[in-house]
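A.B. asks: model the structure of this input:
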Amino acid sequence: MRTGRLLGAGRTADVYEMPDDATEGGPPGEVVHEADAHGTWVLRRYRDGWGDARAEAEVMEHVRAHGYPAPRVRTATRTDLVLERLSGPTMLEAIAGGALPPTEAGAELARLLHALHALPPRRSTDPATRVLHLDLHPENVLLTPDGPRVIDWANAEEGPPGLDWGMSAVILAQVAADTADPRAPLAHAILTGLLTHQPPSAPSALTEEGLTEAITRRSKNPTMSAREVRLLDGTRELIRSVGAR
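C.D. replies: Next comes the predicted model:
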């Protein structure tokens, strides 16, 4: 599959520019999700055996079919995901540039989580089970001219919504708890917006069970540094103090 220049690199995958006709004649096992060849596409390619792009594409197409703002998928193999190229800054870039107040960014993350958990699951018949993103934070939201779009569905699964809230809260709290990180005050403000943007008469979407499971999962994440793991120690109390109401 032909690729263009490297656009970005994450912990487990690289993103490349891609010509519109580059997926023609793709490899065996390629799953085509859209027939049209119009628009501009990018290739997200996993490294070192990470991920399952086919499974990721299926989740993205499911939530898109129910109106959720995920990118369009063109094709997917186990390692390669071809999806629409979106224009606009990440939410984190907009915050850093002063275009988006951090508390409003947190409120937008809350709205995105509420909207996701209002969708039906793909497989489960348990009414308490929903589609979970499990990595929703400001770097995984692009602010396009058409509104926010949620990217990077690699960790998505089905389960209780409280786990999704727990993961987003813990990711933000790890940064907020790091006194050596200049982003800490911004992360604290985003976390505040996330946890306080709840219906006034409803119980918090963040559950103790979800928070505990999120901390456990983050502690076992092989892509995190030892310093990041140590920062988990103070996240529970920080989240409780911010989310108290």
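A.B. asks: now do the helix or strand where residue 142 lies: everything it contacts.
C.D. replies: Using DSSP states H and E, residue 142 falls within strand 141-144. By Cβ atoms under 8 Å, 6 or more residues apart in numbering, the list of residues contacting strand 141-144 from outside reads 86-91, 94, 100, 108-109, 112, 148-151. All C-beta atoms are positioned from the backbone trio N, CA, C, and that covers glycine.
A.B. asks: what pairs with whichever helix or strand comes after that strand, parallel or antiparallel?
C.D. replies: On the C-terminal side of strand 141-144, the nearest following helix or strand under DSSP H and E is strand 147-150. Applying DSSP bridges, strand 147-150 is found paired with strand 141-144 (antiparallel).
A.B. asks: dump the strand it pairs with to CSV, restricted to CA.
C.D. replies: Output of strand 141-144 as CSV, limited to C-alpha atoms (Å, rounded to 0.1, in the frame of the first residue of the first chain):
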residue,chain,number,x,y,z
VAL,A,141,-10.6,14.9,20.0
LEU,A,142,-10.1,16.9,16.8
LEU,A,143,-12.0,20.2,16.6
THR,A,144,-13.1,20.2,12.9
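A.B. asks: buried residues in it?
C.D. replies: Residues 141-143 are the ones in strand 141-144 that count as buried (16 or more other Cβ atoms under 10 Å).
A.B. asks: go on, stretch 55-74?
C.D. replies: For stretch 55-74, burial by neighbour count (16+ other Cβ under 10 Å) applies to 56-63, 68-74.
A.B. asks: swap in stretch 86-95?
C.D. replies: 86, 88-92, 94-95.
A.B. asks: and that stretch, what's its mean pLDDT?
C.D. replies: Mean pLDDT, stretch 86-95: 95.
A.B. asks: ok, and what's touching that stretch?
C.D. replies: 71, 97, 99-102, 105, 108-109, 138-145, 148-149, 151, 186, 190.
A.B. asks: filter these down to the buried ones.
C.D. replies: For the contacts of stretch 86-95, buried by 16+ other Cβ under 10 Å: 71, 100, 102, 105, 108-109, 138, 140-143, 148-149, 151, 186, 190.
A.B. asks: among these, which pair sits farthest apart?
C.D. replies: 71 and 186 (25.6 Å; Cβ to Cβ).
A.B. asks: and the helices in this structure?
C.D. replies: 53-65, 91-96, 102-117, 161-176, 184-196, 208-219, 226-230, 235-243 (DSSP state H).
A.B. asks: between the first one and helix 102-117, how many degrees?
C.D. replies: When you say that, I think you mean helix 53-65. Helix 53-65 and helix 102-117 are oriented at 90 degrees to each other (axes from the mean of the first three to the mean of the last three Cα atoms, to 10 degrees).
A.B. asks: any residues touching helix 53-65, and which ones?
C.D. replies: Under Cβ under 8 Å, 6+ apart, the answer for helix 53-65 is 31, 33, 44, 46, 70-73, 76-81, 83, 116, 119, 122, 131, 153-154, 156.
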